[in-house]
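Engineer: Predicted coordinates and the sequence they were generated for:
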Amino acid sequence: MRDVAAAADVSLKTVSRVVNRERGVGPETVTRVTDTIERLGFRRNDLARSLRPGQRTTTIGLVVGDVGNPFFSGIARAVEQVARDEGHLVISGSSDEDPEHERELIATLCMRRVDGILLVPAGRDQSYLLPEIALGTAVVFLDRPPGGMSADAVVLDNVGGARRGVEHLLARGHRRIGLLRDSGTVLTAQQRTSGYRAALAGAGIQVDERLLCSGLHDAGDASRATRELLALADPPTALFAVNNRMSLGALRALRDSNHSVALVGFDDLELADMLTTPITVVAHDPAAMGVTAARLLFRRLAGDTRPQQRVVLPTTLVRRGSGEVTP
DNA sequence: GTCATGGCTCTGTTAGTTAG
DNA sequence: CTAACTAACAGAGCCATGAC
């Protein structure tokens, strides 16, 4: 900037004004400075620009469970689009559902002075964010609400969606429905299990706890659990998988078995409609979640002081075949 | 009073310098 | 040798100035 100022024979301040398109600079000066900027290849240093207090870094942080998971990458893509429209850069990371890792990532983002944070919480307590929020960092939670504090959150209708999926199986005449779920600490899994129980209770069916498989970490675990369920003396005639990894595992196990078992999964799966028996899912829109959360974040950054928002996004049952298998 | 422009100062961190 | 101080980085906020 100093070189530009010297070459264009103006002050630093005038270059700053031209760079930031501020009003009050003569058209001749603007042309001369712009030409010099072009000639010297000057680019504003945003790191230095954000040095002054009150100045934003025009970056936001995004922490999800795993950017490799299609659900989270769908969110990330949508967040990126909104951020770009707002002139912001997204710095993203995966917590691997590890609370410790989540905190480290957030700390790193805060050290880089991101203006706002979009977080899919892995741990049960996010009160460590309160000092950052007090300093002016905007925070919006996705997929799961925060613990130990309250803040804006965009979540899914997990209970309702799961209930609808299980009711769909019940309507086909299934009475023994297995449940495949991941770690019990993840709130979404708990809520989807509640939906499962509510559907059975609504149909006057006692839950057989042997059909509930918990603590499954990945698709491999879900496959093993499915095989175990099918090996029971009175195996389930249908399965409800609480997320896409569980569905994938169940699908692998079902492919290798000669049982005719119905399957409904929460979360849509890529290619789910192209399988021999396409999968029926409780679908939702990751992009809508990303867009909603990002817009909320930027509204807060723009000074919106409305009370904290809890946006609940709907789910839809997509009938494709696997959930329409009758017992 | 308005417009165009310039000058000083401040920011958070760190390398380098000086004092004790 | 350590502690304290200072300069440097690149830009922007605030205020000043001169011309009209």
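Structural biologist: Yep, that arrived.

Engineer: And the helices in chain A?
Structural biologist: Residue ranges of the helices in chain A, as given by DSSP state H, are A:2-8, A:12-19, A:27-40, A:46-49, A:70-85, A:99-111, A:130-134, A:158-171, A:187-202, A:219-230, A:244-255, A:286-301.

Engineer: how about the ones you listed in JSON lines, adding mean neighbour count, mean pLDDT and distance to DNA strand C?
Structural biologist: For every residue, glycine as well, the C-beta is placed using N, CA and C. Compiled in JSON lines, those are given as follows (neighbours: other CB atoms under 10 Å; pLDDT from 0 to 100; distance: least, CB to the nearest atom of the strand, whole Å):
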{"stretch": "helix A:2-8", "mean neighbour count": "16", "mean pLDDT": "90", "distance to DNA strand C": "7"}
{"stretch": "helix A:12-19", "mean neighbour count": "18", "mean pLDDT": "91", "distance to DNA strand C": "3"}
{"stretch": "helix A:27-40", "mean neighbour count": "14", "mean pLDDT": "92", "distance to DNA strand C": "10"}
{"stretch": "helix A:46-49", "mean neighbour count": "12", "mean pLDDT": "88", "distance to DNA strand C": "3"}
{"stretch": "helix A:70-85", "mean neighbour count": "19", "mean pLDDT": "95", "distance to DNA strand C": "19"}
{"stretch": "helix A:99-111", "mean neighbour count": "17", "mean pLDDT": "94", "distance to DNA strand C": "17"}
{"stretch": "helix A:130-134", "mean neighbour count": "12", "mean pLDDT": "91", "distance to DNA strand C": "22"}
{"stretch": "helix A:158-171", "mean neighbour count": "22", "mean pLDDT": "98", "distance to DNA strand C": "43"}
{"stretch": "helix A:187-202", "mean neighbour count": "20", "mean pLDDT": "95", "distance to DNA strand C": "41"}
{"stretch": "helix A:219-230", "mean neighbour count": "20", "mean pLDDT": "96", "distance to DNA strand C": "49"}
{"stretch": "helix A:244-255", "mean neighbour count": "22", "mean pLDDT": "94", "distance to DNA strand C": "44"}
{"stretch": "helix A:286-301", "mean neighbour count": "22", "mean pLDDT": "97", "distance to DNA strand C": "15"}
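
Engineer: Of all the ones you listed, which one is nearest A:Thr326?
Structural biologist: Distance to A:Thr326, taken as CB to CB, is lowest for helix A:158-171 among the helices of chain A, at 9.9 Å.

Engineer: Show me what that closest one is in contact with.
Structural biologist: The contact list for helix A:158-171, computed with CB atoms under 8 Å, 6 or more residues apart in numbering, reads A:177, A:188, A:191-196, A:198-200, A:202-203, A:205, A:238, A:240, A:242, A:262, A:264-266, A:280-282, A:284, A:314-315, A:317, A:319, A:323.

Engineer: cool, and stretch A:308-324?
Structural biologist: The contact list for stretch A:308-324, computed with CB under 8 Å, 6+ apart, reads A:145, A:150-158, A:160-161, A:164-165, A:168-169, A:172, A:238, A:262-264, A:266, A:268, A:272-273, A:275, A:277-285, A:288-289, A:292, A:296.

Engineer: Provide the count of other residues in contact range of whichever residue of the stretch 51-200 of chain A sits closest to DNA strand B.
Structural biologist: Residue of the stretch 51-200 of chain A nearest DNA strand B, by CB to the nearest atom of the strand: A:Leu51 (3.4 Å). By the other CB atoms under 10 Å criterion, the neighbourhood of A:Leu51 contains 11 residues.

Engineer: What separation is there between it and DNA strand C?
Structural biologist: As judged by CB to the nearest atom of the strand, to the nearest Å, A:Leu51 and DNA strand C stand 5 Å apart.
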